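Engineer: return atomic coordinates for the entry below.
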Amino acid sequence: MSVTQKSKVFSWLLFDFANTSFSVIMVTFVFPLYFKNVICNGEPSGDALWGFSVSLSMLLVALISPVLGAAADYSGKRKRFLFVFTLISVVATALLSFAGPGMAVTAIALFILANIGFEGGLVFYDAYLKEIATDKSVGRVSGYGFAMGYLGALAILLLTKPLLSKGIVLSNAPNVQLSFLAASVFFALFSVPIFLALRDQQKKEGPAISFASLGSSIKEVKHTVRHIMNYPDLVRFLLAYFFYNDAILTVIAFSSIYAQNTLGFTTGELIVFFMLVQTTAIAGSIIFGFVTDKIGPKKTIVITLLIWFVVVLAAIFADRKELFFYTGMLAGLSMGSSQAASRSMMARLTPREHVTEFFGFYDGTFGKASAIVGPLVFGVVSAQAGSQKAALASLLMFFTIGLLLMTRVRSVASEYSVEK
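Structural biologist: This next block holds a predicted model:
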C-alpha cells in the first residue's frame, strides 16, 4: 500500500473516530437522559417524544438516502455531500447546547437535523470503503473503522466525564450543555482530514444538486428497485440486516434508560459502563475484522448474532449491576464485530458503478427504517407489559428472523452490473 493510499485509509478511519462522539453523547447516553430529565422535566411523555424524534429523523434519512446516494454517484461529488451532512450535524449539535427546560420543540427540531446530518453522512462515508480497501482487506479496514469509532467514543467520554460527574439533572444543566458543545467540536476537528485526503471524481459537469441530477438520480433509484430482485443474495442480506440491525439499534438507543430505570444505575456508573462497552467494542471490531477476512463476513455475522442472543438473555436475567456490567462488555464485543462484518458483506455485494446508491439502501432505506420499527416495538411492549425486560425479550424475535435470513445468503463475493 502506497503512502498516499495509507493516508486515505487513515483519514477515513479518523472520520469514524470523529463522528462516534455524536453517537455516544447525543444518541446513546447523555442527550436522551438530558431530554427526559431536564428538557421534559422528567415527565413520562419525554419517552414518547424521544422515540418520536429518533424515528422521524431515521424515516427522513431512509427516504432521502437512496436518491442522494444516486446523485453522488451521478455527479461524482461524494465528498461534497459528506461535507454538507457533516456540517449540518456539527452546527445543530452545537446549537443544542442552548436547549433548556421546556424547550422540547426546539430540541426535537435540532436533534432531528443533527441526526439526519450524522446518519445521512454515513451513506457517503461507508461508500468509500470499496474505494480504499481491496477485497482481501475489506474486513480488516471495516473493523479498524469501527474500532477507531469506539476509541473516539471512549475519548469523548473521558473528556466530558468531569462535566457529567454531578449528574444529568437540572442543577448540572450548564455542564451537560457544555458536553454537547464538546461533542460538536470533537466531531468537527477530527473530520477535517478526510476532506483533505480524499478527492471527488467528477463524472458530470455542473452542480452536485440540480433538477437534472435529481431527476436522473430518481430514475436510477427506480431502476435499482425494479431490478433488485435480480440479485437474490443482496436482497436476502438487506432483509436480514433490516431485522438484526433493528434489534441492535434498539439496544443501543435504550441501553442508558434501561440501565437507569430498571437497574438503578447512577450517572457515574453509567459513564464507567459505557467506557467498558466502548473498550470491548474496540477489541471486537479489530479481532473480528481479521476473522471476517479469514472465514468470510457471512460466518462472522452468524457468530456475532449468536453472541447477541446470549447478551439479550443475560440482560433479561441480570438482577445485579455487576452482572449487567459483564453483559455490557459482551454486548460491546458483538456490537463492533457485527456492524463491521455487515459493512464488509455489503461492500462485497455492491457493484462499483452504483456503490453510493446501494449503500444508500444499506445505510438509509434498510438501516434507518429498521431503527424506526425497533424502538416502537420496544416502547409498546414496555408500556403494555409494564416491564422493560419483557420489551428486551421481544428483540429476540428480530435476531431470530435476521439469523434465519442470513443463513440463506451466499458468501461469495460478487461484482454485480445493473443492465440498462
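Engineer: need the pLDDT of the residue nearest the centre of the chain.
Structural biologist: In the chain, the C-alpha nearest the mean C-alpha coordinate belongs to Glu119, at 6.7 Å (CA atoms, centre = their mean). Listed pLDDT for Glu119 reads 88.
Engineer: thought it was touching Val61?
Structural biologist: Yes: using CB atoms under 8 Å, Glu119 is in contact with Val61, at 4.6 Å. Backbone N, C-alpha and C define where each C-beta goes, glycine included.
Engineer: please pull up the helix or strand immediately following the helix or strand bottoming out on mean pLDDT in the chain.
Structural biologist: Across the helices and strands of the chain, mean confidence by mean pLDDT, DSSP states H and E is lowest for helix 211-227: a mean of 63. Toward the C-terminus, helix 211-227 is succeeded by helix 232-263 as the next helix or strand (DSSP states H and E).
Engineer: next secondary structure element downstream of that following helix?
Structural biologist: With secondary structure assigned by DSSP H and E, helix 232-263 is succeeded by helix 267-295.
Engineer: which SS class is the residue nearest to the centre of the chain?
Structural biologist: helix (DSSP: H, G, I helix; E, B strand; the rest coil).
Engineer: and it, how close does it get to Gly100?
Structural biologist: Distance of Glu119 to Gly100, computed by CB to CB, to the nearest Å: 26 Å.
Engineer: Ile301 touches Ala340, doesn't it?
Structural biologist: No: using CB under 8 Å, Ile301 makes no contact with Ala340, being 9.8 Å away.
Engineer: quick one, which of these two is more surrounded?
Structural biologist: For Ile301 and Ala340, the more surrounded residue by other CB atoms under 10 Å is Ala340, and the numbers stand at 34 against 30.
Engineer: residue boundaries of the strands in the stretch 51-200 of the chain?
Structural biologist: Under the criterion DSSP state E, counting those that start in this stretch, the stretch 51-200 of the chain carries no strands.
Engineer: and the helices in it?
Structural biologist: 78-95, 104-127, 129-132, 138-164, 173-197 (DSSP state H, counting those that start in this stretch).
Engineer: need the mean per-residue confidence for stretch 80-97.
Structural biologist: Here stretch 80-97 scores 95 as its mean pLDDT.
Engineer: which other residues reach it?
Structural biologist: The contact list for stretch 80-97 (CB atoms under 8 Å, 6 or more residues apart in numbering) reads 19, 22, 26, 31, 68, 71-72, 107, 110-111, 113-118, 120-121, 124-125, 177-178, 180-181, 183-185, 187-188, 191, 194-195, 200, 208.
Engineer: go again with 6 Å.
Structural biologist: For stretch 80-97, the surrounding residues in contact (CB atoms under 6 Å, 6 or more residues apart in numbering) are 72, 110, 113-114, 117-118, 120-121, 124-125, 177, 180-181, 184, 187-188, 191, 195, 208.
Engineer: list the buried residues in it.
Structural biologist: Residues of stretch 80-97 classed as buried: 80-86, 88-97 (neighbour count, 16 or more other CB atoms under 10 Å).
Engineer: stretch 161-169 too?
Structural biologist: Those would be Leu163, Leu164, Gly167, Ile168, for stretch 161-169 by 16+ other CB under 10 Å.
Engineer: ok, now stretch 235-248?
Structural biologist: So, applying 16+ other CB under 10 Å, buried residues of stretch 235-248: 236-248.
Engineer: now the closest residue to Val24 other than its chain neighbours: how far from Leu333?
Structural biologist: Spatial nearest neighbour of Val24, chain neighbours left out: Ala153 (4.1 Å); criterion: CB to CB, 6 or more residues apart in numbering. Per CB to CB, Ala153 is found 15 Å from Leu333.
Engineer: who's more crowded, the two?
Structural biologist: Higher neighbour count among Ala153 and Leu333: Ala153, with 28 against 23, using other CB under 10 Å.
Engineer: contacting residues around that one?
Structural biologist: Each residue near Ala153 by CB under 6 Å, 6+ apart is listed here: Thr20, Val24, Gln278.
Engineer: what's the helix or strand hosting Phe378 packed up against?
Structural biologist: For Phe378, the element it lies in under DSSP H and E is helix 367-385. With contacts taken as 3 or more CB pairs under 6 Å, 6 or more residues apart in numbering; DSSP states H and E, helix 367-385 sits against helix 45-75, helix 232-263, helix 388-406.
Engineer: could I get the phi/psi values of Gly386?
Structural biologist: Note on Gly386: backbone dihedrals following degrees, to the nearest 10 are phi 70, psi 30.
Engineer: does Asn41 sit in a helix, a strand or a coil?
Structural biologist: For Asn41, the assignment made with three-state DSSP gives coil.
Engineer: skipping adjacent residues, who's closest to it in space?
Structural biologist: Excluding the flanking residues, the one nearest Asn41 by CB to CB, 6+ apart is Pro101, at 6.1 Å.
Engineer: report pLDDT for the one you found.
Structural biologist: On the pLDDT scale, Pro101 is placed at 93.
Engineer: what about it, how many residues close to it?
Structural biologist: Neighbours of Pro101 under the rule other CB under 10 Å: 12.
Engineer: ok, now Ala147?
Structural biologist: By other CB under 10 Å, neighbour count at Ala147 equals 25.
Engineer: got the contact list for the residue lying closest to it once chain neighbours are set aside?
Structural biologist: Excluding its sequence neighbours, the residue lying closest to Ala147 (CB to CB, 6+ apart) is Ser285, at 3.9 Å. Residues counted as contacts of Ser285 (CB under 6 Å, 6+ apart) are Gly143, Phe146, Ala147, Gly336, Ala340.
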